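Asker: based on what follows, work out the 3D shape:
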Amino acid sequence: MLNLQNIYKNYSQGKLEVSVLKDVSLQVQEGEYVAIMGPSGSGKTTLMNIIGCLDKPTSGTYTLAEKDILRQNDREMARTRNQLIGFVFQNFNLLPRQTALENVELPLVYAGVSKRERRRIAREALVRVGLEERINFQPTQLSGGQQQRVAIARAIANHPKVLLADEPTGALDTKSGEQVMELFHKLNEEGVTIVMITHESAIADHARRILSIRDGEIVQERAGGGAA
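Answerer: Numbers count the residues shown, from 1 in each chain. All right, here's what the predicted structure looks like:
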């Protein structure tokens, strides 16, 4: 499903070259649930941006669903993001004046799905995350946990190959965070491939496989609490 080999990412700061990722190799099979854990500044967000086709590495190779991502131009990468990847962010990134249903419809609008069809798909996605009674609520009328579930519904509406979650419980209280983790577990059992970035070991332990990244290098791999 997802294969990164010998990934390096460098940034220029004036005359200084800063190395953020150093020889990172990572494979994720279809249906896996992987957590990438590390402290601030470890390179995990940069790695997430590369996996999510939001950035390109300085060197290395990356294939996603048999597509050679590094040979794609910006337009092709945007199409790949829309078709193959669903994003869940720490701060939800919902449009405040749109209803839950309208927020979930957004990626379907960009995909050119007809209004009637995207309504149906968005409604089904909200039912899937347990928000069928909140379809016409705006984000300000929802709790943090409910807002994150709307964001998850939006992420899965296009039936992506991979769900990328960047600190998905970071803005939530403990109970809401656990509910989101239960939802991730359910989605994974239904066959959704999940790659989750977190700095919390208790959250990472919900995954089946945990990679630890430090100073731009993967330093450890172990089974998570969600492993069969």
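
Asker: C-alpha from now on. contacts and neighbour counts both.
Answerer: Will do.

Asker: list the contacts for the residue nearest to residue 169 when sequence neighbours are not counted?
Answerer: For residue 169, ignoring the flanking residues on the chain, the nearest one in space by Cα to Cα, 6 or more residues apart in numbering is residue 177 at 5.0 Å. By Cα atoms under 8 Å, 6 or more residues apart in numbering, residue 177 lies in contact with 145, 168, 169.

Asker: okay, those residues in CSV with distance to residue 203 next?
Answerer: Listed next are these as CSV, based on distance: Cα to Cα, whole Å:
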residue, distance to residue 203
145, 15
168, 9
169, 8
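
Asker: related to what we said a few turns ago, can you give me the pLDDT of the residue nearest to residue 169?
Answerer: Per-residue pLDDT puts residue 177 at 91.

Asker: helix, strand or coil for it?
Answerer: helix (DSSP: H, G, I helix; E, B strand; the rest coil).

Asker: tell me how far it lies from residue 224.
Answerer: 17 Å (Cα to Cα, to the nearest Å).

Asker: ditto for residue 213
Answerer: 15 Å.

Asker: with residue 80 instead?
Answerer: With Cα to Cα as the criterion, residue 80 and residue 224 are 29 Å apart.

Asker: next: residue 209.
Answerer: 5 Å.

Asker: for residue 73, same thing?
Answerer: Taking Cα to Cα, one finds residue 73 at 36 Å from residue 224.

Asker: just the element for the residue nearest the centre of the chain, please.
Answerer: Centroid-nearest residue in the chain, with Cα atoms, centre = their mean: residue 164, separated by 1.3 Å. Under the criterion of DSSP states H and E, residue 164 resides in strand 162-166.

Asker: what lies in contact with that strand?
Answerer: Here strand 162-166 has contacts from 45, 48, 52, 84-90, 155-156, 192-198, using Cα under 8 Å, 6+ apart.

Asker: that strand: partners in the sheet, and parallel or antiparallel?
Answerer: Using DSSP bridges, strand 162-166 pairs in its sheet with strand 85-88 (parallel), strand 193-198 (parallel).

Asker: and of the ones you listed, who's closest to residue 63?
Answerer: strand 85-88 (13.2 Å; Cα to Cα).

Asker: gap between the following helix or strand past the closest one and the chain center?
Answerer: Sequence-wise, the next helix or strand downstream of strand 85-88 (DSSP H and E) is helix 100-110. Taking the mean of its C-alpha atoms, helix 100-110 sits 17 Å from the chain's own mean (Cα atoms, centre = their mean, to the nearest Å).

Asker: same check, this time on stretch 101-113
Answerer: Worked out by Cα atoms, centre = their mean, stretch 101-113 lies 17 Å from the chain centre.

Asker: state the mean pLDDT of the host helix or strand of residue 76.
Answerer: Assessed by DSSP H and E, residue 76 sits inside helix 74-84. Summarised as a single mean, pLDDT over helix 74-84 is 90.
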